[in-house]
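**Q** got a sequence here, can you model it:
(one chain, ligands or ions: 2)
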Amino acid sequence: MSDQVRGKKKETRTLPPGQRAIRKLLRWGIDHPAIVNTIPRLEVTTWRLVIDGEVEKPLRLDWQALLKLPKVESVSDFHCVEGWSVRDCRWEGVRFQTLAQKVQPRDSAAYVFFECADGYTTSLALPDLLDDDVVLAYRLNGQALEASLGGPLRLVLPKKYAYKSAMWITRIRFLATKLLGYWEKRGYSDSADVWTNDRFRT
Ligand SMILES: Nc1nc2c(c(=O)[nH]1)N[C@H]1C(S)=C(S)[C@@H](COP(=O)(O)O)O[C@H]1N2
Ligand SMILES: [Mo]
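**A** Numbers count the residues shown, from 1 in each chain. Ligands and ions are numbered 1, 2, ... in the order given. Now for the predicted structure:
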């Protein structure tokens, strides 16, 4: 018999080591100071996403084209390296996988570098982006993703600390060699694996 049938509270996932749960995501510039720069206010009418680099078919998407891509819903927990986690975020958007299939990464594409409208950057090894729960999200918990949470479009990569989950993405570059991102250059772990408590560069 499922927990729900017995009327018990839904079982919650264990948090990674060193994390404590808070109720809601921190809104940049409202609940949390914007560390890198001010919050970009991007209009979907002029918004563009460039996907290029080591790919066969570079792509420039506008908002309407993004909305036409297959949409998924993915519920995951979100973990910031400072020690707070938010359980059960219900993201809606496009799987990174789906975009990758569209642009056709070359064999040389080993890394992906994300550029954001606030000047922030981060990067991942390509295989880390191909899991089903890695989403370019434009909705959260049934609402359009607000600017203070990375809207109109952000990355969500639950198994890595949140500094990998780039907000306000404007360009995605597939690369043959690794380029370190903003926090990765400033002493934070490049692998950023939440389950092994991998927070700082060693
Ligand atoms: N563009 C951009 N993305 C970013 C950041 C940033 O400063 N700029 N901060 C990162 C960090 S450290 C965290 S904890 C999350 C915050 O996401 P939230 O607004 O959903 O809480 O965004 C990540 N992505
Ligand atoms: Mo963070």
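**Q** which residue, other than its chain neighbours, is closest to residue 183?
**A** Excluding the flanking residues, the one nearest residue 183 by C-beta to C-beta, 6 or more residues apart in numbering is residue 163, at 4.5 Å. C-beta: built from backbone N, CA, C; applies to glycine.
**Q** my read is the one you found is in a strand, agree?
**A** No. Applying DSSP: H, G, I helix; E, B strand; the rest coil, one finds residue 163 to be helix, outside a strand.
**Q** distance of it relative to ligand 2?
**A** Separation of residue 163 from ligand 2 (C-beta to the ion, to the nearest Å): 5 Å.
**Q** how about that residue, what does it touch?
**A** By C-beta atoms under 8 Å, 6 or more residues apart in numbering, the contact list for residue 163 reads 80, 81, 122, 181, 182, 183, 184, 188, 192.
**Q** neighbouring strands for the longest strand seen in the chain, and are they parallel or not?
**A** Counting residues, the longest strand found in the chain (DSSP state E) is strand 84-95. Sheet pairing for strand 84-95, assigned by DSSP bridges, gives strand 20-22 (parallel), strand 72-79 (antiparallel), strand 135-140 (antiparallel).
**Q** how about TSV for these, with distance to residue 48 added?
**A** Formatted as TSV, the strands paired with strand 84-95 follow (distance: least, C-beta to C-beta, whole Å):
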stretch	distance to residue 48
strand 20-22	34
strand 72-79	22
strand 135-140	14
